[in-house]
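In: Predicted structure and sequence below. I'll ask about it afterward.
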Amino acid sequence: MTQIDLREGIVETVRALTAHNLNRGTAGNVSARWNEGFLVTPTGLGCDEMQPGDVVPMAMDGNWEGARKPSSEWRFHRDIYAARPEAGAVVHTHAPFATALACLRADIPPFHYMIARFGGATVRCAAYATFGTQALSDAALAALEGRCACLLANHGMLAFGRDLRQALDLAVEFESLCEQYWRALQIGRPVLLSDAEMETVLEKFRTYGQQ
């Protein structure tokens with residue numbers, strides 16, 4: 001894949017997030033690993049305006065190239081790539097149901113077996129920190145330990161995958177689970193799966209899908 005292909009894929013992913021109602025306006029950001037660094041969406045640019053040439057190449061030391069400034073959240077993109085070699089793309093959104101739950105500052109418990117899709121028996125909520133800061137990145141990395149998605153307290157959600165397609169799919173699936181959990185909470189208290197039941201599901205997920 002060329003850099004142009006990856007730039008186009010990032011813009012397509014940004015537009016897909018809007019189409020899935022996971023982002024609106026200039027909220028959220030997308031990146032993909034590239035050589036020794038990564039490519040990330042520019043700050044303050046909506047999906048209708050964004051073009052492949054606007055995507056910003058960044059080095060792991062925080063330096064960037066081009067006329068556009070990178071997303072204010074470039075730090076957690078950089079730190080995920082540094083800490084998680086399996087990560088090929090990162091998606092951050094202000095999806096409505098995930099963001100609503102993130103404002104509760106609580107983990108999402110095993111109310112549904114598909115929670116295991118994200119690597120554990122819960123999806124954690126990262127501690128609150130101001131957007132764009134190293135403190136937020138540190139909190140996100142802690143919440144992502146052993147996971148591929150998390151909530152960001154009073155902020156939104158974060159997901160990563162091996163490539164842009166998987167990262168997008170995981171973000172869509174995560175928002176769907178957040179909606180289901182939110183709806184269940186309107187009725188009552190969901191019955192949670194036990195540790196043993198989730199361990200069985202996690203074992204099955206190790207060979208789930210097209211490996």
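Out: Thanks, I have it. Numbers count the residues shown, from 1 in each chain.
In: What are the contacting residues of the helix or strand bottoming out on mean pLDDT in the chain?
Out: Among the helical and strand segments of the chain, the one scoring lowest on mean pLDDT, DSSP states H and E is helix 195-205, with a mean of 93. Outside of helix 195-205, the residues within contact range by Cβ atoms under 8 Å, 6 or more residues apart in numbering are 110, 113, 115-117, 120-121, 193. Using the backbone N, CA and C atoms, a C-beta is placed for each residue, glycine as well.
In: SS state for the residue nearest to His20 when sequence neighbours are not counted?
Out: Leaving aside its chain neighbours, His20 sits nearest to Val172 (5.5 Å; criterion: Cβ to Cβ, 6 or more residues apart in numbering). For Val172, the assignment made with DSSP: H, G, I helix; E, B strand; the rest coil gives helix.
In: thinking Val172 is in contact with Leu22, fair?
Out: Yes. Shown here, Val172 and Leu22 form a contact pair, counting by Cβ atoms under 8 Å, at 7.0 Å.
In: can you map out the helices along the protein?
Out: With DSSP state H applied, the chain shows helices at 3-19, 74-83, 96-102, 134-143, 164-187, 195-205, listed in chain order.
In: how much does the first one deviate in direction from helix 164-187?
Out: Comparing the axes of helix 3-19 and helix 164-187 via axes from the mean of the first three to the mean of the last three Cα atoms, to 10 degrees yields an angle of 20 degrees.
In: who wins for proximity to Leu151 among the helices of the chain?
Out: Evaluated with Cβ to Cβ, these place helix 96-102 nearest to Leu151, the distance being 4.1 Å.
In: ok, Cys178 - contacts?
Out: Cys178 makes contact with 95, 97-98, 100-101, 108, 157, according to Cβ under 8 Å, 6+ apart.
In: Brilliant, that's me finished.
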